[in-house]
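Peer 1: everything below, folded, please.
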Amino acid sequence: MHQYAYKWGLIDANYILFRNKAILASKYDKEPIPRHELFSSVLQSFMKLKYEGDCMYPLYIWDKSPYHKLKTLQAYKADRWVGTDEEYDALEAEKATASPLRLIEIIEQQRKIRLDQANFETTSYVKSKFIKDMSKYGFHSLIKQGYEADDLAFFASCQISELYKQDESNNAVLLTADKDWANFQLPGVDFLSTYNWSNYYNLTEEFEEINTKINDASEKLYGKPCKLLRFQYGILEELMHKSHNNACVWSHRNIKRPEAIARFMNGDTTLIDYQLLHDAYYAMNMLEGTVPGSTETYKHDTEDLVKQAIDPEHFTYEPGQFTYYCFDNFLDTGFENYFSFVEGFKSI
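Peer 2: So this is what the prediction gives:
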């Protein structure tokens with residue numbers, strides 16, 4: 001058996017799906033993406049990631065909205081456009097009084113809406129197929145209502161890191177192009193970007209540098225360091241500085257961020273907009289936050305699900321079935337040796 005560098009691969013399945021969708025959308029231009037082609041493309045990518053990430057047990061982790069954090073961060077990812085029937089109908093109503101030039105624009109806008117809707121339906125179909133149908137062939141998913149793939153990947157990292165402390169063969173690699181996942185690194189859990197196969201060590205250096213400044217500010221103000229976890233810093237960085245998820249809620253340039261973080265982590269309510277930052281921080285914080293409308297923590301809500309998902313006994317497949325499935329569904333895997341993919345899995 002091949003000696004894998006990592007026992008688990010924690011894979012951002014949502015990213016792979018939408019990356020491949022974008023590639024195919026460019027190929028098909030003004031035509032909808034065929035379902036079978038997107039499915040085949042994602043299937044190939046998932047299989048290759050076991051080899052590229054050098055992991056025995058690839059776990060495909062998905063988003064499932066609406067996210068719990070939206071209760072507090074209502075603008076979270078709200079800038080991401082998806083065409084709606086309401087937009088289409090409003091454009092249709094405008095046609096009656098539109099100039100010839102505007103009419104051309106309306107028709108093009110409507111075409112883009114319908115194309116966007118068709119491709120979104122295709123991605124939803126492919127995602128559903130993997131989650132519902134593909135575990136029997138060795139494609140095992142982790143998903144839970146209210147959580148992003150980021151959240152579940154972090155929880156899996158935490159559990160695997162605890163196992164690593166007992167036995168160093170229990171290690172994992174985080175596989176995504178999302179640099180935020182670099183903040184989930186723990187003892188026994190590494191990060192590799194599927195964009196360029198970098199571990200972005202510069203991000204680790206940046207964290208260590210700013211963490212020193214935060215602790216210096218904390219020592220000066222309160223006589224003690226913050227002991228800030230990298231995961232906590234990642235949340236505050238998104239809420240206070242740079243966010244590709246439209247999540248920034250605190251921006252006061254007259255206060256240096258290291259000082260602001262030191263004050264926040266020490267519970268200093270004199271920090272401007274402290275409560276706004278506090279509420280957003282706990283909505284995002286998977287270690288300390290609570291499920292909205294409940295007293296149950298995020299951590300407790302997901303603990304058993306994640307534990308089951310990373311159990312080696314969970315990685316099973318039904319031998320002899322995958323080839324027939326591909327043939328019946330006109331799928332081209334582009335990966336001849338299926339048995340190298342299920343190597344290490346339990347046949348049932």
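
Peer 1: in the helix or strand of the chain with the lowest mean pLDDT, which residues are buried?
Peer 2: When each helix and strand of the chain is scored by mean pLDDT, DSSP states H and E, helix 322-328 comes last, with a mean of 83. Of the residues in helix 322-328, Phe322, Cys326 count as buried by neighbour count, 16 or more other Cβ atoms under 10 Å. Bear in mind the C-beta positions are built from the backbone N, C-alpha and C, glycine included.

Peer 1: could you export that helix as PDB, CA atoms only?
Peer 2: Extracted in PDB, the C-alpha atoms of helix 322-328 (Å, rounded to 0.1, in the frame of the first residue of the first chain):
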ATOM      1  CA  PHE A 322     -18.400   2.300  -9.700                       C
ATOM      2  CA  THR A 323     -17.600   1.300 -13.300                       C
ATOM      3  CA  TYR A 324     -21.300   0.400 -13.900                       C
ATOM      4  CA  TYR A 325     -22.400   3.700 -12.400                       C
ATOM      5  CA  CYS A 326     -20.100   5.700 -14.700                       C
ATOM      6  CA  PHE A 327     -21.200   3.700 -17.800                       C
ATOM      7  CA  ASP A 328     -25.000   4.000 -16.900                       C
END
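
Peer 1: moving C-terminal of it, what's the next helix or strand?
Peer 2: With elements assigned by DSSP states H and E, the helix or strand that comes after helix 322-328 is helix 338-341.

Peer 1: show me where the stretch 151-300 of the chain has helices.
Peer 2: In the stretch 151-300 of the chain, the helices defined using DSSP state H, counting those that start in this stretch lie at 201-222, 230-240, 257-265, 274-284, 298-310.

Peer 1: so the second one versus helix 201-222, what angle?
Peer 2: I take that to be helix 230-240. 80 degrees (axes from the mean of the first three to the mean of the last three Cα atoms, to 10 degrees).

Peer 1: so what does helix 230-240 touch, helix or strand wise?
Peer 2: Packed against helix 230-240, as judged by 3 or more Cβ pairs under 8 Å, 6 or more residues apart in numbering; DSSP states H and E, are the following elements: helix 201-222, helix 257-265, helix 274-284.

Peer 1: point out the most buried one among those helices.
Peer 2: Mean neighbour count, computed with mean count of other Cβ atoms under 10 Å, is highest for helix 257-265 among the helices and strands packed on helix 230-240, reaching a mean of 22.

Peer 1: give me the contacts around that helix.
Peer 2: 210, 213-218, 221-222, 226, 228, 232-233, 236, 240-241, 250, 252, 270-271, 274, 277-278, 281 (Cβ atoms under 8 Å, 6 or more residues apart in numbering).

Peer 1: kindly recompute the last result at 7 Å.
Peer 2: Contacting residues not belonging to helix 257-265 are listed as 210, 213-214, 217-218, 221, 226, 228, 236, 240-241, 271, 274, 277 [Cβ atoms under 7 Å, 6 or more residues apart in numbering].

Peer 1: sort those by pLDDT and name the bottom one.
Peer 2: The member of these with the lowest pLDDT is His241, at 79.

Peer 1: burial of it, as a residue count?
Peer 2: Other residues within reach of His241, judged by other Cβ atoms under 10 Å, total 12.

Peer 1: circling back to that earlier point, out of the helices and strands packed on helix 230-240, which gets nearest to Lys64?
Peer 2: When the helices and strands packed on helix 230-240 are compared by Cβ to Cβ, helix 274-284 sits nearest Lys64, at 16.8 Å.

Peer 1: what residues does the closest one touch?
Peer 2: Residues from elsewhere that reach helix 274-284 (Cβ under 7 Å, 6+ apart): Lys69, Lys71, Thr72, Leu73, Ile235, Leu236, Leu239, Val249, Trp250, Phe264, Glu288, Gly289.

Peer 1: distance check, the second one against Gly146.
Peer 2: Taking Cβ to Cβ, to the nearest Å as the criterion, Lys71 is separated from Gly146 by 10 Å.

Peer 1: these two: who's more crowded?
Peer 2: Applying other Cβ under 10 Å to Lys71 and Gly146 shows that Gly146 carries more neighbours, namely 19 against 15.

Peer 1: quick check: phi and psi at the more buried one.
Peer 2: Torsion angles at Gly146 (phi, psi; degrees, to the nearest 10) stand at phi 100, psi -10.
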